[in-house]
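[1] give me a 3D structure for the following:
(one chain, ligands or ions: 1)
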Amino acid sequence: MDLGRRTPEDTERLAFAEMTVDDLDDMAALLGDADVMRYYPRAKDRAEALGWIRWNQDLYQREGFGLWTIRLRETGEFVGDCGLTPQEVDGTIDIEVGYHVRGDLQGHGYATEAAIACRDHARDRLGVERLIAIVHPDNTPSQRVAEKIGLRFERATTSRSGLPVRVYAARLA
Ligand SMILES: CC(C)(COP(=O)(O)OP(=O)(O)OC[C@H]1O[C@@H](n2cnc3c(N)ncnc32)[C@H](O)[C@@H]1OP(=O)(O)O)[C@@H](O)C(=O)NCCC(=O)NCCS
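    Model prediction:
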């Protein structure tokens, strides 16, 4: 075991890596896809995708975690991102597990597989005691991923950007 490892352990099919500018084409395609971003205020353009990468690089520096790229171990093909970010809901900051999977690769269990590794990394390496997911009420796939990794519906509220959200949560410790 590599005690200095800053990303979650690889899973059966997926490898995690810190995002870099070299991922811009992949991240811009992912976050620019209106379907992938249907529960966000809008899809992101290339400059905003670069901002997303910078935001995560800043998180790696400041917090030691963030959203990581996920790629198929076998081929290196880009699948999406998954990871941990501090998020404020109703005035309280918690660690959220988040995930985005390329439209053509959804429904193969990748988000669940990656989110399990992130949950375990949060608990075992980072000592996170409470993990949440903030999900749009209509986003059934995301709610299923949250439930499948052990998070339970906690409450309905409004996000900082004014959207209705459901908070899923679990005690990890
Ligand atoms: C949420 C998301 C990451 C799930 O990725 P995924 O790799 O397809 O997820 P999994 O294959 O692990 O499947 C998780 C569950 O969602 C279900 N699911 C997947 N696609 C679905 C769809 N289009 N409609 C309904 N359910 C769906 C799966 O059946 C599974 O549930 P089950 O075990 O009860 O069958 C993906 O849909 C996505 O990227 N969505 C857009 C971005 C997003 O909304 N992210 C979350 C923000 S809170």
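[2] make it CA atoms for all contacts and neighbour counts henceforth
    Noted.
[3] in its sheet, which strands sit next to the longest strand belonging to the chain, and in what direction?
    Counting residues, the longest strand found in the chain (DSSP state E) is strand 78-89. In the sheet, strand 78-89 lines up against strand 67-72 (antiparallel), strand 92-101 (antiparallel) (DSSP bridges).
[4] give me the contacts around that strand.
    26-27, 30, 59, 65-72, 93-102, 105, 111, 114-115, 118, 122, 158-160 (Cα atoms under 8 Å, 6 or more residues apart in numbering).
[5] over to stretch 58-68?
    6-7, 16-19, 56-57, 81-85, 98.
[6] buried residues, it. List them.
    Residues of stretch 58-68 classed as buried: 59-60, 65-68 (neighbour count, 16 or more other Cα atoms under 10 Å).
[7] mind checking how far the residue nearest the centre of the chain is from the ligand?
    The residue lying closest to the centre of the chain (Cα atoms, centre = their mean) is G98, at 2.3 Å. Distance from G98 to the ligand, counting by Cα to the nearest ligand atom, to the nearest Å: 6 Å.
[8] hang on, that residue packs against L131?
    No - applying Cα atoms under 8 Å, one finds G98 not in contact with L131, separated by 10.6 Å.
[9] which ones are touching the residue nearest to the centre of the chain?
    Per Cα under 8 Å, 6+ apart, neighbours of G98: 67, 82-85, 115, 133.
[10] of the residues you listed, closest to the ligand?
    Closest approach between these and the ligand, by Cα to the nearest ligand atom: A133, at 6.6 Å.
[11] what are the bridge partners for the closest one, then?
    Counting by DSSP bridges, the residues bridging with A133 are Y168.
[12] got any ranges where this structure has weak pLDDT?
    Low-confidence regions of the chain, defined here as pLDDT under 70, cover residues 1-4.
[13] the ligand contacts on that one?
    With Cα under 6 Å from any ligand atom as the criterion, the chain meets the ligand at residues 36-37, 39, 99-101, 106-112, 134-135, 140-142, 144-145.
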